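Colleague: mind looking at a prediction? Sequence and model below.
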Amino acid sequence: MQQTLWFAAAVVIALGVGLAQDSTDQAVNQGKAKGSKGTNAARGTNARGRGAPRDPTQSPASTPEPKTVTPQTYPAEQVQAGEQRFVAQCGFCHGRDAGGGETGPDLMRSELVAQDLRGDKIAPLLKQGRAGQGMPAFDLSDADVNAIVAFIHDQKTKSEALGGGRRSVDASDFATGDASAGRAYFNGAGGCSGCHSTTGDLEGIATRYRGLALLERMLYPTAGRPAPARPKATVTLASGETISGTLASQDEFTIVIRDASGDRQMFEKKLVQYKIDDPMSAHFDQLGKYTDADMHNVYAFLDTLK
Ligand code: HEC
Ligand code: HEC
C-alpha cells in the first residue's frame, strides 16, 4: 500500500513537471528565437528545480502546499503577460513555472503567496526585496507587477487543482470517484465535450490506458506519445495578405510561423495582426478549474469508456 502511494505520488509529481514545462513551452521558444543568453541557464534551473530525482523524504513535495486563503482569478491575457515578465525577471531564481529554482524558493509553497490577495503582499515585497536573503528589489510598473501577481496566482490555482502539492492524489482516491457526476461535468461545467466525444476520440480510452496511465493522459496528454499538434497561427500583413501555419515560436516582439511548405517565416508583432489557436492550452485551462472531486469523478467516468 505504502508503495502504491509513493508510486502515485511520483507519477503525480512527474505530471506536475510535465504540466509546468508545457506552460513554459512558449517561453522556452521565446528564448530560442531571441538566442537569448539567459535561456539555457534558466532552462537548466527549471530542470534542476523540478526534474531531478530526489529523496522523497527530503523533497519539498512531501510538505503540503499552503492553500490560497482567498481564491482569485485573472484574465488570461494578464496571466500570459505575467508569465513573460516572470520568466524574464524571476524565472532564473524561482524556476520558469514559479515552482522553485536554483536559488529561489518554490512559490507554490510560499505562505506569503497563499495569503496574498491581488498583490497586497507580493507587490510590497517586490518593491523592497529582502536584502541579505538573496531576493532583489524590483522597480516595476504597476501593470507589470499586477501581471506577475496574476501569473503566480494562476500557477498556484493550477497546482492546487492538481491535488494541492501534487501528493494528495493517489490511486485509491481515484477509485472513489462518481462516474455519473463525472459524466455531468464532462458534458457541462468542465467543457470537455466541446473538444472531445465519448463515441469519437475518447471511445475506448480506458482500454488504451489503465489506472495512472489514464489519469496521466487525462491531465497531461502531451506527456506520452503521440504528441499533440503544435498551435496553429495566422498572420495578417498590413497589405491584407495572410500567412497560416504552425506556430514555431514567439516572444514579446516576434512570431515565427512554419508555413505549409515547411519554411520558417518571422514577423514583427507590432507590424502585423496575428491569431494563435492552441487547443492544448485550452485543455490546460480546463484543468486549472478542476476541484479534487471533479477530477476524481471525471477519471471515474473516463474509466467506464472501455
Ligand atoms: C536573484 C534571485 C531572485 C530573483 C531574480 C527573484 N527572487 Fe524572489 N526570492 C529569492 C530568494 C532567495 C527568496 C527567499 C528570501 C528569503 O529567504 O526570505 C525569494 C523570495 C520571494 C518571495 C517570498 C517567498 C516567501 O514565502 O517568503 C516571493 C513572493 C518572490 N521571491 C517573488 C519573486 C518575483 C515575483 C520575482 C521577479 C519579479 C523574484 N522573486 C525574483 C530569489 C530571487
Ligand atoms: C479546447 C479543447 C479541449 C478541451 C476543452 C478539453 N480538451 Fe482534452 N484534449 C484536447 C487536445 C487538443 C488533446 C490532445 C489530443 C492529442 O493527443 O492529440 C486532448 C487530450 C485529452 C485526453 C487524451 C486523449 C487520448 O486519446 O489520449 C483526455 C483523456 C482528455 N483530453 C480529457 C479532457 C477532459 C476530461 C476535459 C474536460 C475537463 C478536456 N479534455 C477538455 C483538447 C481539449
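Modeller: Here it is on my side, so go on. Ligands and ions are numbered 1, 2, ... in the order given.

Colleague: and the longest strand seen in the chain, which strands flank it?
Modeller: Counting by DSSP state E, the longest strand found in the chain is strand 242-250. Using DSSP bridges, the strands paired with strand 242-250 in its sheet are strand 232-236 (antiparallel), strand 254-259 (antiparallel).

Colleague: quick one: closest of those strands to ligand 1.
Modeller: strand 254-259 (23.3 Å; C-beta to the nearest ligand atom). Quick note: C-beta positions are derived from backbone N, CA and C, even for glycine.

Colleague: and the closest one, average pLDDT?
Modeller: Averaging the model's pLDDT scores along strand 254-259 yields 91.

Colleague: which element follows that strand toward the C-terminus?
Modeller: strand 264-268 (DSSP states H and E).

Colleague: got the CA coordinates for that next one in CSV?
Modeller: The C-alpha trace of strand 264-268 is given here as CSV (Å, rounded to 0.1, in the frame of the first residue of the first chain):
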residue,chain,number,x,y,z
ARG,A,264,10.0,29.4,-41.2
GLN,A,265,8.8,32.9,-41.5
MET,A,266,9.4,35.6,-38.9
PHE,A,267,7.2,38.6,-38.3
GLU,A,268,7.4,41.6,-36.1
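
Colleague: got the residues of the stretch 101-250 of the chain near ligand 2?
Modeller: Contact residues, the stretch 101-250 of the chain versus ligand 2 (C-beta under 6 Å from any ligand atom): 186, 190-192, 194-196, 201-202, 205, 217-218, 221, 228.

Colleague: show the pLDDT at residue 9.
Modeller: pLDDT, residue 9: 38.

Colleague: now the terminal residues of stretch 299-306, how far apart.
Modeller: End-to-end span of stretch 299-306 (C-alpha to C-alpha, to the nearest Å): 13 Å.

Colleague: touching that stretch from outside, list them.
Modeller: With contact meaning C-beta atoms under 8 Å, 6 or more residues apart in numbering, stretch 299-306 is reached by 174-183, 185-186, 198, 202-207, 214-215, 218.

Colleague: cool, stretch 258-270 as well?
Modeller: 33, 230, 235, 237, 243-248, 250, 252-257, 274.

Colleague: flag every buried residue along that stretch.
Modeller: 258, 267 (16 or more other C-beta atoms under 10 Å).

Colleague: going by secondary structure, residue 150 is in what exactly?
Modeller: Residue-wise, residue 150 maps onto helix 142-161 under DSSP H and E.

Colleague: alpha carbons only: can I get that helix in CSV?
Modeller: Backbone C-alpha positions of helix 142-161 (Å, rounded to 0.1, in the frame of the first residue of the first chain) are rendered in CSV as follows:
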residue,chain,number,x,y,z
ASP,A,142,2.1,48.6,-11.7
ALA,A,143,1.0,46.8,-14.8
ASP,A,144,4.0,44.5,-14.7
VAL,A,145,3.6,43.9,-11.0
ASN,A,146,-0.1,43.1,-11.5
ALA,A,147,0.6,40.7,-14.4
ILE,A,148,3.3,38.9,-12.4
VAL,A,149,0.9,38.6,-9.5
ALA,A,150,-1.7,37.2,-11.9
PHE,A,151,0.7,34.6,-13.2
ILE,A,152,1.8,33.5,-9.7
HIS,A,153,-1.8,33.0,-8.6
ASP,A,154,-2.7,31.3,-11.8
GLN,A,155,0.1,28.8,-11.3
LYS,A,156,-1.0,28.3,-7.8
THR,A,157,-4.6,27.6,-8.8
LYS,A,158,-3.4,25.0,-11.2
SER,A,159,-1.1,23.5,-8.7
GLU,A,160,-3.8,23.2,-6.2
ALA,A,161,-6.2,21.8,-8.8
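
Colleague: could you list the buried residues of that helix?
Modeller: For helix 142-161, by 16+ other C-beta under 10 Å, it's 144-161.

Colleague: hang on, the earlier thing: for PyMOL, what selects the buried ones among the contacts of stretch 258-270?
Modeller: One line in PyMOL is enough to select the buried ones among these; burial here means 16+ other C-beta under 10 Å:
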select buried, resi 33+235+243+245+247+248+250+254+255+256+257+274
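
Colleague: so what's the closest residue to residue 246 other than its chain neighbours up against?
Modeller: Closest residue in space to residue 246, ignoring its immediate chain neighbours: residue 230 at 4.1 Å, by C-beta to C-beta, 6 or more residues apart in numbering. Counting by C-beta under 8 Å, 6+ apart, residue 230 touches 246-248, 258.

Colleague: in the stretch 151-300 of the chain, which residue sits closest to ligand 1?
Modeller: Per C-beta to the nearest ligand atom, residue 152 is where the stretch 151-300 of the chain lies closest to ligand 1, at 6.4 Å.

Colleague: nice, that's everything, thank you.
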